[in-house]
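In: Provided below are the primary sequence and the corresponding predicted coordinates.
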Amino acid sequence: MADKCNSCPAGNVKDKVCIHTDKVYDSCREKDCLEDLRVYLTRAGQEVADRAISVKIKSAEIIWVYSDVEPVAFNKGYYTVSVKYFFKITLDLFTGCGRPTTVEGLATFDKKIILYGSEGNARIYSSQYRPNEQDVAECVKTNLPRSVVEVVDPVALNAKIVEKEKCNCCCDVDITAVPGPICCCFEDDLVSAGDSKIIYVTIGIFTIVKLERNVQLMIPVYDFCIPDKECEGSTDEDPCNVFKNLCFPVEEFFPPM
């Protein structure tokens, strides 16, 4: 909360309670420069790429990140987190004189990380209370570790066109295995290869990966957090007066050091 609760002075502990929450057992951060990622263009985009003489990367955004957690053999408490990134790449293709043609394509990247997630494997059964009716049984849960991947949109660094005969395509992605929701992010079908040219990009990404477990923790209690601030609704105040009360946006003109 932006406003501090004045009715809850520090050090005035009234009680201690047990809560259910997610505890981070291990985490790491990564700063990866992903060089020469193969871009799988749409059908129309690949036709333009086959005629292109140069390429420029405009942007890269994350469509989805899939993660899978598996225990490490002979090392209890440790888990391998397999992460697969799906990127939507936007490119400008130059075919000669005139304006470039903007096309889109898919790039992927896989990595594995080992993190500590502790031990334990319990099944959790719960139900939701409904007055005067039979309670609703919820899905069975476990206290196994779950992975959390936090990532910002990539930094677009570079792009290049390579002649197909000069390309050593040993790690191509099976386009038919790409999940349907990923393919739906593009206006046309993705193709695995063109007649003559292939595009590669270099992007940078920042990632934080965590392993969490649902646990019970004992925490101190100060009081209930009751807001002191009154709710304000819209007013009929003169808009110019409202504008005059706004601070001058100095940081928009002079970025902070």
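Out: Right, received. Where do you want to start? Numbering: from 1, shown residues only.
In: any low-confidence regions in this protein?
Out: Within the chain, the segments meeting pLDDT under 70 span 1-11, 165-172, 194-195, 233-236.
In: what segments of the stretch 101-250 of the chain are strands?
Out: 101-116, 123-124, 127-128, 136-137, 141-142, 146-151, 155-163, 197-221 (DSSP state E, counting those that start in this stretch).
In: of all these, which one is nearest T42?
Out: Of all those, strand 101-116 sits nearest to T42, with 6.3 Å by CB to CB. In short, each C-beta sits where N, CA and C put it, glycine included.
In: now the closest one: buried residues?
Out: 101, 103-109, 113, 115 (16 or more other CB atoms under 10 Å).
In: what's the answer for stretch 56-63, then?
Out: So for stretch 56-63, counting by 16+ other CB under 10 Å, buried means 57, 60, 63.
In: send the alpha carbons of that stretch over as CSV?
Out: Only the C-alpha atoms of stretch 56-63 are listed here, as CSV (Å, rounded to 0.1, in the frame of the first residue of the first chain):
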residue,chain,number,x,y,z
LYS,A,56,16.7,-5.2,-40.1
ILE,A,57,15.1,-6.4,-36.8
LYS,A,58,12.4,-4.0,-35.5
SER,A,59,11.3,-5.7,-32.3
ALA,A,60,11.0,-8.9,-30.4
GLU,A,61,8.3,-9.8,-27.9
ILE,A,62,7.6,-12.9,-25.8
ILE,A,63,4.5,-14.9,-26.8
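In: contacts for it, please.
Out: For stretch 56-63, the surrounding residues in contact (CB atoms under 8 Å, 6 or more residues apart in numbering) are 85-92, 94, 100, 102, 106-107, 151, 153-159, 182, 185, 201, 203.
In: go again with 7 Å.
Out: By CB atoms under 7 Å, 6 or more residues apart in numbering, the surrounding residues in contact with stretch 56-63 are 85-92, 102, 151, 153-154, 156, 158-159, 182, 185, 201, 203.
In: still on that earlier bit, out of the strands of the stretch 101-250 of the chain, which gets nearest to C18?
Out: strand 197-221 (5.3 Å).
In: between the closest one and strand 146-151, how many degrees?
Out: 120 degrees (axes from the mean of the first three to the mean of the last three CA atoms, to 10 degrees).
In: and strand 197-221, which strands flank it?
Out: strand 15-41 (antiparallel), strand 146-151 (antiparallel), strand 155-163 (antiparallel) (DSSP bridges).
In: report the angle between that strand and strand 101-116.
Out: 40 degrees.
In: so A52 belongs to a helix, correct?
Out: No - A52: not assigned to a helix; according to DSSP: H, G, I helix; E, B strand; the rest coil it is coil.
In: shouldn't it be in contact with L91?
Out: No - here A52 lies out of contact with L91, judged by CB atoms under 7 Å, at a distance of 9.1 Å.
In: quick one, which of those two is more surrounded?
Out: Taking neighbours as other CB atoms under 10 Å, A52 and L91 compare with L91 leading, 27 against 21.
In: surely that one and V55 touch.
Out: Yes - L91 is within contact range of V55, at 5.5 Å (criterion: CB under 7 Å).
In: shared neighbours, those two?
Out: 159, 199.
In: which residue, other than its chain neighbours, is closest to V201?
Out: A159 (4.6 Å; CB to CB, 6 or more residues apart in numbering).
In: so which of the buried residues of strand 101-116 comes closest to V173?
Out: For the buried residues of strand 101-116, the nearest to V173 is T108 (5.6 Å; CB to CB).
In: how near is that closest one to C184?
Out: Plainly put, T108 is 16 Å away from C184 if you go by CB to CB, to the nearest Å.
In: same question for T21.
Out: Relative to C184, and taking CB to CB, T21 is found at 36 Å.
In: equivalent analysis for V151, please.
Out: On the measure of CB to CB, V151 and C184 end up 21 Å apart.
In: quick one, which of these two is more surrounded?
Out: Between V151 and C184, counted using other CB under 10 Å, the more crowded position is V151 (16 against 9).
In: what's near enough to touch the nearest residue to the more buried one once chain neighbours are set aside?
Out: Of all residues not flanking V151 in the chain, T207 sits nearest, at 4.6 Å (CB to CB, 6+ apart). Taking CB under 7 Å, 6+ apart as the criterion, T207 is in contact with 29-30, 149-151.
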